[in-house]
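J.: Attaching a predicted model along with its sequence, questions to come.
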Amino acid sequence: MLALDWNVIWTFVNILVLFAFLKKFLFKPVTEMMEKRTQAVEASLQEAEDTKSEAAKLKDEYETKLSRAEDEAVQIMNEAKEKAASEYNKQLKEAREEAARLMQEAGRTIELEKEKSIQNAQSEIAGIAMLAASKIIGRNMDNDINKQLLGDFVKEVGAAK
């Protein structure tokens, strides 16, 4: 027959009580702590992923802004070069026009001085010729005849050139 031993029953009851006690005071808190820790790690991973995606987005924005800034700098430099070339050409044109004007004025001045010198030379030559003629002829003619002879002489000398 089967004999029941009270030690086996008490051992079995003790094991059940110990299991219930451990389940309530050890397994349940440890399980809750493990779940909280798992949730915290998952939240931390999610936050890191969000931060990473936000950083990538900011990086793209900065690269776009940097690209625009570079394009803008190139455009500003090109505009500055064009302005400089335009100003250079303008000043060069003005300088050439001024030089041409000065050359024309110098040419006119030279021409006037030349004519003045010719007139002075003609007057001196006419005076010398009149003096020589009056010595040769031996008499002095009146002013009207002197002027007429001088004019004829100047015309002949001018035609001979």
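T.: Looks like it arrived, so ask away. Numbers count the residues shown, from 1 in each chain.
J.: Please identify the helix or strand for Leu16.
T.: Leu16 belongs to helix 6-22 when assigned by DSSP states H and E.
J.: quick one: that helix to chain centroid distance?
T.: Relative to its chain's centre, helix 6-22 lies at 92 Å (Cα atoms, centre = their mean, to the nearest Å).
J.: next helix or strand past that helix?
T.: Next along from helix 6-22, by DSSP H and E: helix 28-137.
J.: by contact count, what packs against that following helix?
T.: helix 143-160 (3 or more Cβ pairs under 8 Å, 6 or more residues apart in numbering; DSSP states H and E). C-beta: built from backbone N, CA, C; applies to glycine.
J.: picking up where we left off before, against which helices or strands is the helix holding Leu16 packed?
T.: Secondary elements touching helix 6-22 (3+ Cβ pairs under 8 Å, 6+ apart): none.
J.: report the angle between the axes of it and helix 28-137?
T.: 30 degrees (axes from the mean of the first three to the mean of the last three Cα atoms, to 10 degrees).
J.: Could you check how sure the model is about helix 6-22, as an average pLDDT?
T.: Mean per-residue pLDDT for helix 6-22: 90.
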